[in-house]
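K.L.:
everything below, folded, please.
(one chain, ligands or ions: 1)
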Amino acid sequence: MPIKVHDKTFDIYLSEAEIQQRVKEIAETINKEYQGKRPLIIAILNGSFMFAADLFKHLTIDTEISFIKLASYKGMKSTGNVVTSIGLDAELYGKDVIIIEDIVDTGKTLYNFLPKLKDHHPASLKIAALLHKPEATKFPLTLDYVGFSIPDKFVIGYGLDYDGRGRNLKEIYQVV
Ligand code: 5GP
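P.N.:
Next up is the predicted model:
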């Protein structure tokens, strides 16, 4: 069933079960790769809050989580300006950091932000993105964990919004 949000129509693209299964698989990989370590998860707000929470629940290793806020989007268009509005208060020095992002589109947000994180000298730095739009990505980024590679179409749901709406959807919807 298509849904309407503001002026746009969206069709279901990923079901709740598909998302939950993939999130669990990523958590299991992280559990294996970080055995004996204590990674610091840094979730980038707002969009990644559901992904981060579900992923975090499946982590069985000793771990911590912290949240930061960046923004480069308004409506359906990237403004290109990355703004940090909630700063980094966790100590990163010597830590194994895993960044949790909802979606990598052009890659600009993370590409601009990574050097700021690297300045804190974490022991290691990896990126987990629930969604990746490879056709749209223009900035060189290595994504260590990717939930789904998707076409270059605007999506909402599971934490992702269209002008503030749609975040509460359990599924991911694609604009028609
Ligand atoms: P990038 O800097 O990679 O171009 O964009 C990253 C940010 O833009 C994401 O964290 C997300 O907030 C937003 N974004 C990119 N593509 C989409 C999309 O299809 N839907 C929604 N809701 N947000 C998106």
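
K.L.:
switch to C-alpha atoms for all contacts and neighbour counts from now on
P.N.:
Noted.

K.L.:
near the ligand, which residues of this structure?
P.N.:
Residues of the chain that fall close to the ligand, judged by CA under 6 Å from any ligand atom: 47, 73, 102-109, 153-156, 160-162.

K.L.:
hey, which helix or strand in this protein has the poorest pLDDT?
P.N.:
None of the helices or strands of the chain scores lower by mean pLDDT, DSSP states H and E than strand 77-86, at a mean of 56.

K.L.:
give the next helix or strand downstream of it.
P.N.:
Heading C-terminal from strand 77-86, the first helix or strand you meet, by DSSP states H and E, is strand 96-104.

K.L.:
for that next one, give me every contacting residue.
P.N.:
Strand 96-104 is contacted from outside by 37-44, 47-48, 51-52, 110, 122-133, 137, 159-160, using CA atoms under 8 Å, 6 or more residues apart in numbering.

K.L.:
what is the rounded mean pLDDT of that strand?
P.N.:
Across strand 96-104, the average pLDDT comes to 98.

K.L.:
who does it pair up with?
P.N.:
As defined by DSSP bridges, the strand partners of strand 96-104 come to strand 40-45 (parallel), strand 124-132 (parallel).

K.L.:
hang on, the earlier thing: buried ones from the residues of the chain next to the ligand, can you make that a ChimeraX selection?
P.N.:
Command for ChimeraX, covering only those of these found buried under the criterion 16 or more other CA atoms under 10 Å:
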select :47,73,102,103,104,105,106,107,108,109,154,155,156,160,161,162
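
K.L.:
quick check, central residue of the protein?
P.N.:
Central residue of the chain (CA atoms, centre = their mean): Glu101, 1.8 Å from the mean position.

K.L.:
what is the neighbour count of the closest residue in space to it that isn't next to it in sequence?
P.N.:
Leaving aside its sequence neighbours, Glu101 sits nearest to Ala129 (CA to CA, 6 or more residues apart in numbering; 4.7 Å). For Ala129, the count of nearby residues is 22 (other CA atoms under 10 Å).

K.L.:
does Ala129 touch Ser149 like I think?
P.N.:
No: using CA atoms under 8 Å, Ala129 makes no contact with Ser149, being 9.6 Å away.

K.L.:
how about the strands in this structure?
P.N.:
3-5, 8-14, 40-45, 64-74, 77-86, 96-104, 124-132, 145-149, 155-156, 172-175 (DSSP state E).

K.L.:
what is the last one packed up against?
P.N.:
Under the contact criterion of 3 or more CA pairs under 8 Å, 6 or more residues apart in numbering; DSSP states H and E, the helices and strands touching strand 172-175 comprise strand 8-14, strand 155-156.
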